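Undergrad: Here's my sequence, what's the structure:
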Amino acid sequence: MFLIRSAFWLSVVVMLLPAAPDTGNTPPRVTAFEALSAAGTTVSDLSRFCDRNPDACVTGGSAFHVFADKVRYGVHLLYGVFGNHASDGPSVQPSSSTLKPGDVVPPWHDPHKANGAA
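TA: The predicted model follows:
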């Protein structure tokens, strides 16, 4: 059903695009009401497709599940290739310390007074 809906909406988008002016053919004039009526009839007819052809719907559903499984597996493979090797630097282990970065900085001292110089 997803493919049918996608094809329908793609057709709607294509119908809204302007025609090339150099085609030389005058396109048939269809009013918006006629187009909506035809689209409604088509959707109504397609929604009863599985009632008329249950075997085709079962086969299509199975094919869609196989397709979805392949997509999941492909994403898993891509994540394995790119997800774990996103940075080239050393891996940072999470710390169990509760200190903040400002807590571990040594206190400031005057470098001129180092080593007991006054």
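
Undergrad: any idea of the mean pLDDT for stretch 101-116?
TA: For stretch 101-116, mean pLDDT is 74.

Undergrad: can you check stretch 43-59 too?
TA: In this model, stretch 43-59 has a mean pLDDT of 86.

Undergrad: Off-centre distance for that stretch?
TA: 28 Å (C-alpha atoms, centre = their mean, to the nearest Å).

Undergrad: now stretch 35-45
TA: 29 Å.

Undergrad: Could you do stretch 53-72 as well?
TA: Relative to the centre of its chain, stretch 53-72 is centred 20 Å away, using C-alpha atoms, centre = their mean.

Undergrad: count of neighbours near residue 15?
TA: For residue 15, the count of nearby residues is 10 (other C-beta atoms under 10 Å). Where C-beta positions appear, they are placed from N, C-alpha and C, glycine not excepted.

Undergrad: Also residue 35?
TA: Residue 35 is flanked by 12 other residues according to other C-beta under 10 Å.

Undergrad: thought it was touching residue 16?
TA: No: Residue 35 lies out of contact with residue 16 (C-beta atoms under 8 Å); the separation is 10.2 Å.

Undergrad: Now do the helix or strand hosting residue 58: which elements does it pack against?
TA: Residue 58 is part of helix 54-78, with elements assigned from DSSP states H and E. The helices and strands touching helix 54-78, judged by 3 or more C-beta pairs under 8 Å, 6 or more residues apart in numbering; DSSP states H and E, are helix 49-52.

Undergrad: Show residues contacting the helix it packs on.
TA: Outside of helix 49-52, the residues within contact range by C-beta atoms under 8 Å, 6 or more residues apart in numbering are 56, 57.

Undergrad: do the same with stretch 58-74
TA: Against stretch 58-74 from outside (C-beta under 8 Å, 6+ apart): residue 2.

Undergrad: any idea how far that stretch is from the chain center?
TA: Centroid separation for stretch 58-74 versus its chain: 17 Å, with C-alpha atoms, centre = their mean.

Undergrad: in that stretch, what's buried?
TA: Judged by neighbour count (16 or more other C-beta atoms under 10 Å), stretch 58-74 contains these buried residues: residue 60.
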